[in-house]
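> Sequence and predicted structure, then a few things I'm wondering about:
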Amino acid sequence: APQGGSPSSASSSSADASLTSVPAPTVTVSTAIASPTASLDATLPSQIPDPPVQSWCTSQIFCAGPLLQTINVAGLYADPKTFVDKPTSASAQTVLANFKNLTNSSSSLTESQLVNFVDSNFGGEGTELEGLPIPDFNPSPSFLRNVTDPLVRAWSGVVHGYWTQLIRGTNQSALCSEGDAGPKCESSLIPLNHTFVVPGGRFREQYYWDSYWIVQGLIKSELFDLVNATLQNFMDELETIGFIPNGGRIYYLNRSQPPLFINMLADYVSATNDTAILDRALPLAEKIVVLCLTITPDMHAHTHRQRELTWWQDNRTMNVTSPFTNQTYAVARYAAANTAPRPESYLTDYNTANDPSLPTLSESERSDLYAELASGAETGWDYTARFIAQPLAGGSNNTNPALRTLQVRSTIPICLNSILCALPLIWLAVHVLISISDRANTLLASLYDLRQNSTAASTHLETALHIRSAVLDLFWDADKLAFYDFNLTSHARNSILSAATFYPYWVGILPDDVLSDATHAFGAFASLNAVLRRYNGTYPTTFVESGLQWDAPNAWPPHQYILLDALRALPANISAAPLPAPPGSQSGFALVPAGQMGMDEGGGVGVGERARARAMVIPDTGGTASLL
Ligand SMILES: OC[C@H]1O[C@H](O[C@H]2O[C@H](CO)[C@@H](O)[C@H](O)[C@H]2O)[C@H](O)[C@@H](O)[C@@H]1O
């Protein structure tokens, strides 16, 4: 097998399933042909001065600089990511010399000169990757037999079959090898040692938080070797880079993504009992969760001084004093250091910053905006009203005015802090506060138990109490019965309800208000009831139709997963009661606590009658079923 490691139970397959060796898929490359919107003999539009070179991304071809800006301003490709995924066909030195000759040859370059330059100096996007076969692919894994609905079962079988299209390896023969005068070419790919699974389409590389849900699927599909390989790649990155980047390209090296490595590890060990992986993984995982272990400089310093130099703590943590209780907490935010357009979205960011219909930005305002845009990408929710001061500033057809008011770095997000503290918090929930599904038993404290390291486990438990307090204090609104992000500028909670409101439940943080009163528990999930009653569809990311992809009406699969787990986290004595019915002929919206959704029925800033959350078959509960 091309994957690293082979757990004992990794080869299990259903007895009646026929094992099939599926041939390696052909990876389609060079799908994009340069097709500038301007005519070929048009000269390039004028440019603003190049942004500063980014210390984290020093390629003069794929990172901010004159070449990248010129190619982008020419608008050769509909998707700016196409260009930065093309390896050069000659050494970087040669390509840069050719570019210099070109720019010296004329004061006004034409579109066709740029098309020729790219065609003769670059190869097809993604050629450094190869599609790999899945050895002994089982088209009928046992989970399919437990899907009773024939339609859903057939659909699940089709989805299972997609794995064969998404497995990649680094194409060693296409990598830029060393020549006498240095590497023979340059590519933006971060080569990985193990097989990996890609989201697909333009996302040709491994992504961090996508991999969490990929791992959930791989486990169901009994493709354990691929999970192991995914984890090995991430461990390699933790060792060599110091953190797990957003994705597997050098232009992602200034940011991470929602940190779910240890969740993947726990789920893998639970599914395979491959505890051998823990020797390498646990110290690296600790690097990720250390935020939870170093609450304030004076707490735990005696036990955790050696862990202080870690990535999330050093780069993303700050102390916040609650205006509600005056308690101080170390909490995390997304905050990428960046003063240039994102290379994979260069023209998009450039246009946001230089939109002629909007006020001209000073250099420092532009830099700030670029940092916000990169930080927004780090959230995984790029982009959403949740992190925007004026989400409807340009209406839903023009998102530039809204993006100019991004406030990612001044938002303490519910989701990140819930995730970062998930393991000790769920451990706490399981062992101290509430009963929760078996899944929780696989989490960090249990992993430590496996290694007989009870000291570390008790520290996690102690820490969990503190972090649970931070989440409940900063984010929980007891009147609206919902969690909201904390805004560092207003020093108050934001008012936008989003799918993030369910993250604390997902990780086992249940407010006492909810635990003590079934009516409150219903109120906390009343927006879900309203959505299901009215639209019979999935839960949108927010209820704001901003035109951004992480806003209404779009609903994203990760959130449906989290929401279902959030419901499962409710104790049975709270969730078993029948749902309250709306009075008279009113809709489920009438049952939503005042102000929770921040919208008026059928209007306001929300989805209202226009909602079209991507429909999924979830039957209307009709007011009689339980929340579960
Ligand atoms: O499925 C991969 C990811 O796709 C989206 O974000 C990615 O694309 C952006 C633009 O090309 C890029 O700037 C960002 O950093 C990428 O992660 C999606 O929003 C992500 O949630 C998702 O992981």
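Looks like it arrived, so ask away. Numbering: from 1, shown residues only.
> Now the residue in the chain positioned nearest to the ligand: which helix or strand?
Nearest residue of the chain to the ligand: Ala377, at 3.3 Å (Cβ to the nearest ligand atom). Backbone N, C-alpha and C define where each C-beta goes, glycine included. If you go by DSSP states H and E, Ala377 is part of helix 363-378.
> buried ones in that helix?
For helix 363-378, the neighbour count (16 or more other Cβ atoms under 10 Å) marks 366-378 as buried.
> Same check on stretch 527-537?
For stretch 527-537, the neighbour count (16+ other Cβ under 10 Å) marks 527-535, 537 as buried.
> for the residue of the chain closest to the ligand, what are its contacts?
Shown in contact with Ala377 (Cβ atoms under 8 Å, 6 or more residues apart in numbering): 246, 255, 336, 342, 345.
> before we move on, the earlier item: now, which of the buried residues of stretch 527-537 lie within helices?
Among the buried residues of stretch 527-537, the members found in helices (DSSP state H) are 527-535.
> Arrange these in a markdown table, one row each, with distance to the ligand as further columns.
Below are these laid out as a markdown table (distance: Cβ to the nearest ligand atom, whole Å):
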| residue | distance to the ligand |
| --- | --- |
| Ser527 | 22 |
| Leu528 | 22 |
| Asn529 | 27 |
| Ala530 | 26 |
| Val531 | 21 |
| Leu532 | 24 |
| Arg533 | 29 |
| Arg534 | 27 |
| Tyr535 | 23 |
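> Do a quick rundown of the strands in this protein.
129-131, 167-170, 178-179, 182-183, 196-197, 317-321, 328-332, 411-412, 476-477, 482-483, 486-487, 492-493 (DSSP state E).
> can you list these in TSV and add mean neighbour count and distance to Glu222?
As requested, those are exported to TSV (neighbours: other Cβ atoms under 10 Å; distance: least, Cβ to Cβ, whole Å):
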stretch	mean neighbour count	distance to Glu222
strand 129-131	20	21
strand 167-170	22	15
strand 178-179	9	40
strand 182-183	13	40
strand 196-197	24	14
strand 317-321	15	38
strand 328-332	21	35
strand 411-412	24	39
strand 476-477	21	39
strand 482-483	28	36
strand 486-487	22	41
strand 492-493	16	43
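> Contact residues of the stretch 301-450 of the chain facing the ligand?
Those residues of the stretch 301-450 of the chain that sit near the ligand, judged by Cβ under 6 Å from any ligand atom, are 342, 344-345, 377, 380, 382.
> Output these in TSV; the columns should cover pLDDT.
Listed next are those as TSV, based on pLDDT from 0 to 100:
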residue	pLDDT
Arg342	98
Glu344	98
Ser345	98
Ala377	98
Gly380	98
Asp382	97
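> Among the residues you listed, which one has the most neighbours?
Using other Cβ atoms under 10 Å as the neighbour test, those are led by Arg342, with 27 neighbours.
> Show me the one of the strands of the chain that comes nearest Phe387.
Of all those, strand 411-412 sits nearest to Phe387, with 5.5 Å by Cβ to Cβ.
> tell me how far the closest one is from the chain's mean position?
Relative to its chain's centre, strand 411-412 lies at 16 Å (Cα atoms, centre = their mean, to the nearest Å).
> ok, now stretch 373-385?
Counting by Cα atoms, centre = their mean, stretch 373-385 is centred 9 Å from the centre of its parent chain.
> Could you do stretch 570-581 as well?
A distance of 31 Å separates the C-alpha centroid of stretch 570-581 from that of its chain, computed with Cα atoms, centre = their mean.
> what does stretch 269-283 give?
The answer for stretch 269-283 is 24 Å, by Cα atoms, centre = their mean.
> Can you give me the end-to-end span of it?
This stretch, stretch 269-283, spans 15 Å end to end (Cα to Cα, to the nearest Å).
> ditto for stretch 486-496
Start-to-end, stretch 486-496 (Cα to Cα) is 11 Å.
> do the same with stretch 104-124
By Cα to Cα, the extent of stretch 104-124 from end to end equals 27 Å.
> Please apply the same query to stretch 134-154.
From its first residue to its last, stretch 134-154 covers 21 Å (Cα to Cα).
> Likewise for stretch 389-400?
End-to-end span of stretch 389-400 (Cα to Cα): 13 Å.
> And the contacts of it?
For stretch 389-400, the external contacting residues (Cβ under 8 Å, 6+ apart) are 351-352, 355, 358, 383, 385, 401-402, 404-407, 496, 544-548, 551, 605.
> List the buried residues in it.
Of all the residues in stretch 389-400, those buried under the rule 16+ other Cβ under 10 Å are 389, 391-394, 396, 399-400.
> least confident pick among those?
Confidence by pLDDT is poorest for Ser396 among the buried residues of stretch 389-400, given 90.
> Would you check that Ile509 makes contact with Arg468?
Yes. Ile509 is within contact range of Arg468, at 5.5 Å (criterion: Cβ atoms under 8 Å).
> Looking at the two, which is more packed in?
Applying other Cβ under 10 Å to Ile509 and Arg468 shows that Ile509 carries more neighbours, namely 29 against 23.
> any idea of the pLDDT on that one?
We have a pLDDT of 89 for Ile509.
> What of Pro36?
On the pLDDT scale, Pro36 gets 89.
> pLDDT weak spots in the stretch 301-450 of the chain?
For the stretch 301-450 of the chain, the stretches with pLDDT under 70 are 301-310, 313, 421-450.
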